[in-house]
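Engineer: My questions are about this predicted structure, shown below with the sequence.
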Amino acid sequence: MMTILSNSKLLWGLWQVVTYCSSRTTLPLMLTVCVAYLVMRLMNSVREYRKLPPGPWGLPVVGYLPFVGVRHETFLELARSYGALFSTRLGNQLTVVLSDYKIIREAFRREEFTGRPSTPLMHTLDGLGIINSEGRLWKNQRRFLHEKLREFGMTYMGNGKKIMEGRIKTEIDEFMANIFLADGAPIDANPLLALGVSNVICGITMSLRFSTGDVRFERLNHLIEEGMRLFGEIHYGEYVPLYNYLPGKAQVQEKVAKNREEMFSFYQTLINEHRSTLDIENARDLIDVYLIEIEKAKIEGRDRELFEGRDHELQLKQILGDLFSAGMETIKSSLLWMIVFMLRNPDVKRRVQEEIDNVVGRERLPTIEDMPSLPYTETTILETLRMSSIVPLATAHSPTKDVNLNGYRIPAGSQVVPLINCVHMDPKLWHEPKTFNPSRFIDENGKIRRPEFFMPFGVGRRMCLGDILARMEMFMFFASMMHQFDLQMDDGDALPSLEGTVGATIAPHPFQVKFIPRSRPAPAVVCPPDHTHLRHVGAR
Ligand code: HEM
């Protein structure tokens with residue numbers, strides 16, 4: 001019905017144009033309008049015949065692509081018109097958008113929805129790694145990584161938690177020491193957070209720790225940022241492959257491939273270093289774990305089956321790349337949003353500081369053990385994740401075979417995306433969703449409650465693999481920052497906007513903030529950080 005209505009509106013609009021045109025152009029224009037209308041009706045009949053979810057078709061070849069601005073915002077508008085399950089064609093990709101949390105949960109718990117769409121970028125990545133792999137390779141790698149990352153401390157249980165806490169604390173000490181150097185002057189916290197957060201994930205995966213001003217770190221970041229920009233330039237080619245043949249696009253693709261090669265050669269150097277000092281009984285990090293697995297498979301004569309017969313080192317390099325990209329930008333952007341929300345909500349900021357002061361005192365920094373006793377601090381983090389929805393469309397899924405969802409047919413190979421920002425801002429689910437209110441996550445007994453429609457890490461079988469690390473890291477950085485500093489804007493500066501910059505995540509626009517030391521800095525902060533368990537690589 002919606003589709004017919006919007007088609008009629010379109011027809012009426014076009015008719016208005018026709019009537020304003022001169023008599024010489026009226027006939028061809030009328031013909032064009034009629035043909036366009038018939039094509040749309042035909043497409044709708046095809047859609048009904050194929051039992052696809054409703055939605056706008058757009059134009060031949062490019063589909064709805066030319067009308068898509070910021071993807072998650074356009075999808076939000078379309079969801080208002082077409083409902084919680086709609087479909088549209090973006091170039092050659094049928095895209096199905098889910099914005100009802102029950103439908104999202106129902107779909108993503110099913111095995112058939114664990115595929116990834118086949119696009120030119122996916123072909124470049126060749127189905128390797130964890131984020132873009134599918135089938136048995138993905139399943140085995142997910143199980144393997146889950147188990148191994150727990151051993152390296154991605155767990156709330158036992159000794160692992162202590163190991164991870166130690167790693168994060170090392171980075172917090174350095175972060176704090178650098179902030180104290182600014183002496184309350186306004187600074188951009190982005191590069192300091194990027195360094196700390198990168199060091200945590202690089203420590204786990206490669207025993208690598210960058211120092212401030214490290215040229216290798218700057219180069220890696222440059223490659224990632226440039227990769228994002230270049231990908232934006234050829235983004236249309238993901239949907240309309242012919243686009244990649246336009247002048248200049250081949251050079252962009254070459255540059256993307258060259259940057260990837262440079263990153264891979266960086267990882268290769270580290271892998272070679274690790275191999276030359278490998279102790280099969282004592283894995284230092286994830287590279288060692290993979291090298292040991294490869295060695296074991298050779299000894300047991302199953303190396304041809306390992307990683308489904310894919311190149312072993314290529315798979316390892318893609319894993320390192322996946323974990324770095326998934327584990328860095330997400331946590332950094334979330335921490336930046338926490339700063340933004342504290343600047344915009346001074347009452348919440350004061351309440352967080354009071355809670356930390358009451359529970360932790362002024363003599364030491366907060367630890368993971370304090371987490372259960374700091375519910376308001378934790379729910380402030382949850383509320384930030386809800387309102388910022390930094391990964392609003394998660395990562396596209398693709399059914400591995402035709403499936404039925406809510407009475408509609410979702411064809412194999414289509415792109416299926418959850419509209420997380422829509423769920424997180426739905427007034428039917430959240431009271432006054434635009435108000436920043438951490439207390440909404442606290443129940444009448446003072447306990448934290450995470451409703452099933454809160455899904456910043458996605459849901460189902462492909463849900464985020466690093467949520468435990470993310471929660472620990474965000475808690476420790478945020479709680480320590482609030483314990484040690486008062487966050488303030490410089491006089492006359494406007495508050496940072498809630499509009500984000502859309503890239504790999506939705507990050508706040510760049511802003512400067514003053515970190516004013518609170519009454520009594522804890523002594524640990526001014527001590528030189530303990531890095532003895534990590535190797536320094538590339539320090540100037
Ligand atoms: C605030 C921090 C983070 C947020 C909000 C976040 C969110 C997400 C989301 C929405 C997905 C997609 C789920 C889907 O495909 O349906 C995802 C996937 C993933 N995340 Fe995270 N993430 C965060 C931190 C991390 C960290 C620290 C790591 C690294 C250890 C990580 C590793 C991954 C991986 C490997 C996947 C792909 C899983 C798969 O395809 O099976 N994430 N994350």
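Structural biologist: It's in.

Engineer: how about stretch 367-379, does it get close to the ligand?
Structural biologist: No. Stretch 367-379 stays clear of the ligand (Cβ under 6 Å from any ligand atom), getting no nearer than 13.6 Å. Heads up, the C-betas are built off the backbone N, CA and C, glycines and all.

Engineer: can you dump the C-alpha coordinates of that stretch into PDB?
Structural biologist: Extracted in PDB, the C-alpha atoms of stretch 367-379 (Å, rounded to 0.1, in the frame of the first residue of the first chain):
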ATOM      1  CA  THR A 367      39.900  -1.500  39.600                       C
ATOM      2  CA  ILE A 368      37.800  -4.200  37.900                       C
ATOM      3  CA  GLU A 369      36.900  -5.500  41.300                       C
ATOM      4  CA  ASP A 370      35.100  -2.200  41.900                       C
ATOM      5  CA  MET A 371      32.800  -2.700  38.900                       C
ATOM      6  CA  PRO A 372      29.900  -4.300  40.700                       C
ATOM      7  CA  SER A 373      30.000  -1.600  43.400                       C
ATOM      8  CA  LEU A 374      29.800   1.300  40.800                       C
ATOM      9  CA  PRO A 375      26.500   0.800  39.100                       C
ATOM     10  CA  TYR A 376      25.900   4.400  38.200                       C
ATOM     11  CA  THR A 377      29.300   4.600  36.600                       C
ATOM     12  CA  GLU A 378      28.700   1.500  34.600                       C
ATOM     13  CA  THR A 379      25.200   2.500  33.500                       C
END
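
Engineer: Enumerate the positions of it that are buried.
Structural biologist: For stretch 367-379, burial by neighbour count (16 or more other Cβ atoms under 10 Å) applies to 367-368, 370-371, 374-379.

Engineer: Next, format those residues as CSV and append secondary structure.
Structural biologist: Compiled in CSV, the buried residues of stretch 367-379 are given as follows (DSSP: H, G, I helix; E, B strand; the rest coil):
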residue, secondary structure
367, coil
368, helix
370, helix
371, helix
374, coil
375, helix
376, helix
377, helix
378, helix
379, helix
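
Engineer: ok, so of these, who is nearest the ligand?
Structural biologist: residue 378 (13.6 Å; Cβ to the nearest ligand atom).

Engineer: Check the offset of the host helix or strand of residue 265 from the chain's centre.
Structural biologist: For residue 265, the host element (DSSP states H and E) is helix 249-276. Counting by Cα atoms, centre = their mean, to the nearest Å, helix 249-276 is centred 22 Å from the centre of its parent chain.

Engineer: C-terminal to it, what's the next element?
Structural biologist: Next element after helix 249-276 (DSSP H and E): helix 286-299.

Engineer: Tell me how far that following helix lies from the chain's centre.
Structural biologist: 29 Å.

Engineer: pretty sure residue 101 contacts residue 458?
Structural biologist: No. Residue 101 is beyond contact range of residue 458, at 11.7 Å (criterion: Cβ atoms under 8 Å).

Engineer: more crowded one of these two?
Structural biologist: Neighbour count, other Cβ atoms under 10 Å: between residue 101 and residue 458, residue 101 has more, with 23 against 18.
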